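In: have a look at this prediction, sequence included:
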Amino acid sequence: MANGPAPLISFVDVSKHYGEGETRVDALRGVSFTVAAGEVVGLRGPSGSGKTTVLNIVGCILAPSSGELRLAGEPVFSEGRWRRSDLRGLRLATIGFIFQFHNLLPFLTSTDNVALVLRLAGESAGTAKRRAHELLAYLDVGHRRNAFPAQLSGGEAQRVAIARALANRPRIILADEPTAALDSQRAQVVMDLLRRVAVEQQAAIVVVTHDDKIVNRFDRVLELRDGLLI
Amino acid sequence: MNLAIRDIRHNLGRFLLTCLGLSLLLAIVLSMLGIYRGLVAESLTLARAPAVDLWVVETNTRGPFAEASRLPGDVREAVARVAGVTEAGSLTFQSVETETTAGKLRLYVVGFEPGRPGGPAAIVEGRAIAQSRYEVVIDRSAGVAVGERIRLGRREFRVVGLTARQVSSGGDPVAFITLRDSQKLQFELAPPAARRELARGGSEATSDIVNAVVARVSPDVPVAAVADGVRRWKHLAVLTQEEQETVLSRSVIERARRQIGLFTSLLLIVSTVIIALIVYTLTIDKTREIATLKLIGAPDRVIVGLIMQQALAMGAIGFAFGVAFILAAKDGFPRRVVVESPDVLALGAAVVLVCILASSLGVRLALKVDPATALAG
Ligand SMILES: Nc1ncnc2c1ncn2[C@@H]1O[C@H](COP(=O)(O)OP(=O)(O)OP(=O)(O)O)[C@@H](O)[C@H]1O
Ligand SMILES: [Mg+2]
């Protein structure tokens, strides 16, 4: 990897603690790793070990307490502060997030939830809708495209959320237990899909999982224990 | 795609219910304002009906509405002779209780001289008083029809005409009868002792008492000059039309006006707080959606748009319904409710302002929302 292009994600000696004094929780203690374009990396560890914290920092939702974050070679967080002022724009353009809980907007249909991020990125209404339909069909929820989130099963909602995360063809995809609500067969489909996106879009993908049925589908698996990589 | 409209459509029932509540609240505010305006307007109808320039009353009084005023009946002729006065008329005023098929009815009876200033301003049904005896023109709000008979004192009067919106400052319907009839009525209704006194005096002159003489002044002569001329006579006080209106709206209804005014102000304050709370809660309810929007990278303007447009839509719809309610209901009130467009516009502007302020307060909090909260279960 030494001669290859800069890794898409590099996490350098990142620490993160919540609270101060008696309530202080050290969620991450000097974690470093990189993920290259085209790689699908798993992130495992017991509950409370800091997996979501890692994803939130990579997704620029959470500021580290110390350490450095670089995305596509560009420093995003270092020396205790964000280096980019437009974190939301960065997120919209380059990061697709699949949350632990699906987080769809309850007042929009499946199609519109996906189309919204395309519209925000500047696509025309027609293009956004067409691409949303393609993605939903691709994720096997095309028949639910006019349903509201409350009318979807957990697995369907999760797949709509995945469609939304993929909509803007992000270079970085972060997924927090994307397959937890899916049966084994659908979990494999999602993994196939992420693998394909990694290859076709040269994306870096980090997937948090407890799920043993997909653990052999990763290029690498990072193990977290009490805020440390082992 | 407009997120505010999508959200409203998705929660249409709740949104409309909130609008309905808001509109009832605003309708109450408007009706309170209307009652206030109505009170002032009603208090002035009696003084405005004769369309005169001067009110001549008993000396040292501000009669005939604020204080009792008694004048000998020949004052009218003296006033009519003053230079600049074109017309003058004698008037009496008294409250009379009577009985109709519908129950007890309190009337404010005005005695006037047909052909001289002081009669009903406009007759909306029937005719004016033609015969000097026992005919009455009465306000529609009394609920009696043309042709009906009502008892005033010992006599039956025939209703020959109806007026609209002629009520006393207390809200009682006004009944117009001739001066002669009214003087008889005054005599009949006077306390027995006073009546005996009058009867013993016996002469026509002593029972020829009026409460005010109204006069119109030629447009070429300054009203104030004529008033000064009349004032210089003994035993007479003069109020210009303007002064009479001030006395009515300031003294006669002052307490009622202040009471309703105060209540209206309180209601306005309470409504402001309620609207602000509704809009604010609406915003805070959206915390999770706002966090999600931030996570997927939506810029602030999208989030502010969602909140502001909803708040304004709610304010506008609630206000429109409120205005519609009050316009539909205002004639059903027992007393006059005057909905003036400047009041309506001012209230509308206030609602918009409150919606913007309250939602911007909510939006400020919303924009501080940690997007990570959207990740929590
Ligand atoms: N906002 C917060 N405030 C305080 N402590 C927090 C906060 N978020 C997480 N923590 C703590 O930080 C540690 C790591 O949390 P994190 O959510 O990263 O764990 P996780 O590995 O994702 O767990 P799970 O598998 O249950 O999702 C936990 O001990 C948690 O209690
Ligand atoms: Mg987690």
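Out: Perfect, I can see it now. These figures come from a predicted structure and were not determined experimentally. Ligands and ions are numbered 1, 2, ... in the order given.
In: when you work out contacts or count neighbours from here on, use the C-alpha atoms and nothing else.
Out: OK.
In: so after the longest helix along chain A, what's the next helix or strand?
Out: Longest helix of chain A, by residue count under DSSP state H: helix A:184-200. Once helix A:184-200 ends, the next helix or strand along the chain (criterion: DSSP states H and E) is strand A:204-208.
In: just checking: what are the partner strands of that next one?
Out: Strand A:204-208 pairs in its sheet with strand A:40-44 (parallel), strand A:172-176 (parallel), by DSSP bridges.
In: now the strands for the chain?
Out: Looking at chain A here, since you left the chain open. Here chain A has its strands, by DSSP state E, at A:9-18, A:25-35, A:40-44, A:66-71, A:74-78, A:81-82, A:95-98, A:172-176, A:204-208, A:220-225, A:228-229.
In: actually it's chain B I care about, not the one you picked
Out: In chain B, the segments counted as strands under DSSP E are B:54-58, B:71-72, B:85-100, B:103-112, B:125-126, B:135-139, B:149-152, B:155-163, B:174-178, B:209-210, B:212-217, B:236-240.
In: and the pLDDT for residue 7?
Out: Reading this off chain A. Here the pLDDT value assigned to residue A:7 is 90.
In: ah, I was thinking of chain B
Out: At residue B:7, the predicted lDDT confidence score is 92.
In: same question, residue B:217
Out: pLDDT, residue B:217: 89.
In: show me what contacts it?
Out: B:52-54, B:84-87, B:223, B:226 (CA atoms under 8 Å, 6 or more residues apart in numbering or on different chains).
In: not counting sequence-adjacent ones, nearest residue to it?
Out: residue B:85 (4.4 Å; CA to CA, 6 or more residues apart in numbering or on different chains).
In: contact partners for the one you found?
Out: B:79, B:215-218, B:226.
In: filter these down to the buried ones.
Out: B:79, B:215-217, B:226 (16 or more other CA atoms under 10 Å in any protein chain shown).
In: okay if I get these as a markdown table plus distance to residue B:268?
Out: A markdown table is the format used below for those (distance: CA to CA, whole Å):
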| residue | distance to residue B:268 |
| --- | --- |
| B:79 | 49 |
| B:215 | 42 |
| B:216 | 42 |
| B:217 | 44 |
| B:226 | 45 |
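In: tell me the one of these nearest chain A?
Out: Closest approach between these and chain A, by CA to the nearest CA: residue B:216, at 70.1 Å.
In: so the closest one bridges to which residues?
Out: Per DSSP bridges, the residues bridged to residue B:216 are residue B:87.
In: can you check residue B:112 too?
Out: residue B:91, residue B:178.
In: what sits against it?
Out: Residue B:112 touches B:89-92, B:118-119, B:176-179, counting by CA under 8 Å, 6+ apart.
In: grab the nearest non-local neighbour of residue B:361.
Out: Closest to residue B:361 by CA to CA, 6+ apart is residue B:280, at 7.2 Å.
In: my guess is the one you found contacts residue B:358. True?
Out: Yes - between residue B:280 and residue B:358 there is a contact under CA atoms under 8 Å: 5.7 Å.
In: could you report the pLDDT at residue A:54?
Out: At residue A:54, pLDDT is 94.
In: how about the contacts made by the residue lying closest to it once chain neighbours are set aside?
Out: Spatially, and ignoring its direct neighbours in sequence, residue A:54 is nearest to residue A:28 (7.9 Å; CA to CA, 6+ apart). Under the criterion of CA under 8 Å, 6+ apart, the neighbours of residue A:28 are A:14-17, A:50, A:53-54, A:226-228.
In: ditto for residue A:65
Out: Residue A:65 neighbours (CA under 8 Å, 6+ apart): A:14-17, A:80.
In: interface residues of chain A facing chain B?
Out: Taking CA under 8 Å from any CA of the partner chain, the part of chain A that reaches chain B is made up of A:56, A:61-62, A:88-92, A:96-97, A:99-101, A:103-108, A:116-117, A:120, A:125.
In: residue A:136 and chain B, how far apart?
Out: In this view, residue A:136 and chain B are 18 Å apart by CA to the nearest CA, to the nearest Å.
In: check residue A:142 too.
Out: 20 Å.
In: give me the pLDDT for the closest residue to that residue other than its chain neighbours.
Out: Spatially, and ignoring its direct neighbours in sequence, residue A:142 is nearest to residue A:136 (4.8 Å; CA to CA, 6+ apart). pLDDT recorded at residue A:136 is 94.
In: repeat that for the one 5 residues further on.
Out: Looking at residue A:141, its pLDDT reads 91.
In: one more: residue B:20?
Out: The per-residue pLDDT reported for residue B:20 equals 93.
In: show the contacting residues for it.
Out: Listed by CA under 8 Å, 6+ apart, the contact set of residue B:20 reads B:318, B:321.
In: please apply the same query to residue B:312.
Out: Contacts of residue B:312 (CA under 8 Å, 6+ apart): B:352, B:355-356.
In: follow-up on the earlier one: compare residue B:280 and residue B:358 (neighbour count), which wins?
Out: residue B:358 (25 against 22; other CA atoms under 10 Å in any protein chain shown).
In: the more buried one reaches residue B:282, doesn't it?
Out: No - contact status for residue B:358 versus residue B:282: not in contact, 10.0 Å apart, counting by CA under 8 Å.
In: can you pull the phi/psi pair for residue B:130?
Out: In terms of degrees, to the nearest 10, the main-chain angles of residue B:130 are phi -110, psi -40.
In: pull the number of nearby residues for the closest residue to it other than its chain neighbours.
Out: In this structure, residue B:130 finds its nearest non-sequential neighbour in residue B:114, 8.0 Å apart by CA to CA, 6+ apart. The number of residues packed around residue B:114, counting by other CA under 10 Å, is 18.
In: and residue B:114, how far from residue B:83?
Out: Distance of residue B:114 to residue B:83, given as CA to CA, to the nearest Å: 23 Å.
In: which residues touch residue B:136?
Out: Applying CA under 8 Å, 6+ apart, the residues near residue B:136 are B:129, B:157-161, B:175-177.
In: of those, closest to ligand 1?
Out: residue B:175 (77.6 Å; CA to the nearest ligand atom).
In: what sits against the closest residue to that closest one other than its chain neighbours?
Out: Residue nearest to residue B:175 in three dimensions, not counting chain neighbours: residue B:138, with 4.2 Å by CA to CA, 6+ apart. Residue B:138 makes contact with B:159, B:161-163, B:173-176 under the criterion CA under 8 Å, 6+ apart.
In: give me the domain ranges for chain B.
Out: Under the assignment automatic domain parsing, the domains of chain B span B:3-43+B:255-375, B:91-210.
In: what's the end-to-end length of the shortest one?
Out: Taking CA to CA, the first and last residues of domain B:91-210 lie 6 Å apart.
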